[in-house]
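1. have a look at this prediction, sequence included:
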Amino acid sequence: MAYLNWSDDLETGIEMVDQDHRVLVDLLNQAHDCIGAGEETATLGSVLHALVDYTEYHFAREERLMQAARYPELPAHRELHQRLARQARDIRGRYAAQPDSVNAREVMEFLRTWLIDHILKQDFRYRPAVTAHPEAVRLASAITFDGNRPAAVNEDGPPVPEPVDFRAHSVLVVDDNPNFQIILRTILKGLGCPSVVLADSASAGLTALESHTPTLMLVDWRMDGMDGLGFVREARRRGIAVPIVMISGYSEPGFDKTAQAAGVDAFLEKPITARNLVDTVSRAVGPG
């Protein structure tokens, strides 16, 4: 059962803003759901990483929106954003230094206060300005998750690939941790992915492939029964050629070579961050 349900009271009527706010509501509910669950610490870490990454993305879009709409209170609103971002980074920093020092209830309270107070008291105030300048939504929506940065160049290696347009991808997530499944789905949906199928085991993932071939797969390594490597080998044996990212909170010497030989294209370590997910998928998918 959700801790906080999205309601009409939270709707600003600006689709882009409401979409971002729904992602934050999902993160709040995931912090609640991971209390006492298996891998709670790692799951909470991923929630925190996603929270910080997504708030920076949301704030950039929202500030561009207010700027384009000539909203006179933008400077004050930006200060509120900076304070919220500092709080989120502080919580994540404490978690990184000592995971047990942060619990899910603290994260929930931070998000609940932000979502209720900030949206209802602050975000509704710029709605008239945006309504009067509809072109502002188009300008703000053009901001991508990487902030419209040009392709980076690694002086010691090949150029960093352009970020993937997730709006063009359907994704199969294979992971036996239900909370982690939902975190991945939240991030992917927030990035614009139109279709995310969740499978709670390797066998369920293989069954899903019988009815639909995705354009990308995210697969956990450690699962009960058939593990992630077994799933990858069987998927490749069946002729599934789409990019595969393997997710793991563990590492073993030589594992990457074994996984690559099985058909894995890239690796992502838990706890994940939204930015690392974007970069890893970009490497897996490659140009074009």
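-> All right, it came through fine.
2. what does stretch 239-256 contact?
-> The contact list for stretch 239-256 (CB atoms under 8 Å, 6 or more residues apart in numbering) reads 39, 42, 175, 209, 213-222, 228-229, 232, 235, 259, 263-272, 280-281, 284-286. C-betas here are computed from N, CA, C, even on glycine.
3. keep only those of those that are in helices.
-> 42, 209, 228-229, 232, 235, 259, 280-281, 284-285 (DSSP state H).
4. thinking again about what came up before, which of the contacts of stretch 239-256 count as buried?
-> Listed as buried from the contacts of stretch 239-256 are 39, 42, 175, 209, 213-222, 228-229, 232, 235, 259, 263-268, 270-272, 280-281, 284-285; burial here means 16 or more other CB atoms under 10 Å.
5. output the below-cut-off pLDDT ranges for the chain.
-> The chain contains residues with pLDDT under 70 at 1, 37-40, 146-163, 250-251, 287-288.
6. if we go to 80?
-> Applying pLDDT under 80 to the chain flags residues 1-3, 34-43, 103-104, 114-116, 144-163, 249-254, 286-288.
7. domains in it, by residue range?
-> The record's domain parsing of the chain by automatic domain parsing lists 8-141, 166-285.
8. would CSV of those with distance to Ala2 be doable?
-> Below are these laid out as CSV (distance: least, CB to CB, whole Å):
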stretch, distance to Ala2
domain 8-141, 5
domain 166-285, 11
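9. from Glu63, how far off is Asn29?
-> Per CB to CB, to the nearest Å, Asn29 is found 26 Å from Glu63.
10. pick out whichever of these two has more residues nearby.
-> Neighbour tally, Asn29 and Glu63, criterion other CB atoms under 10 Å: the higher count belongs to Asn29, 21 against 17.
11. in the chain, which residue is most central in space?
-> Nearest residue to the geometric centre of the chain (CA atoms, centre = their mean): Ile187, 2.3 Å.
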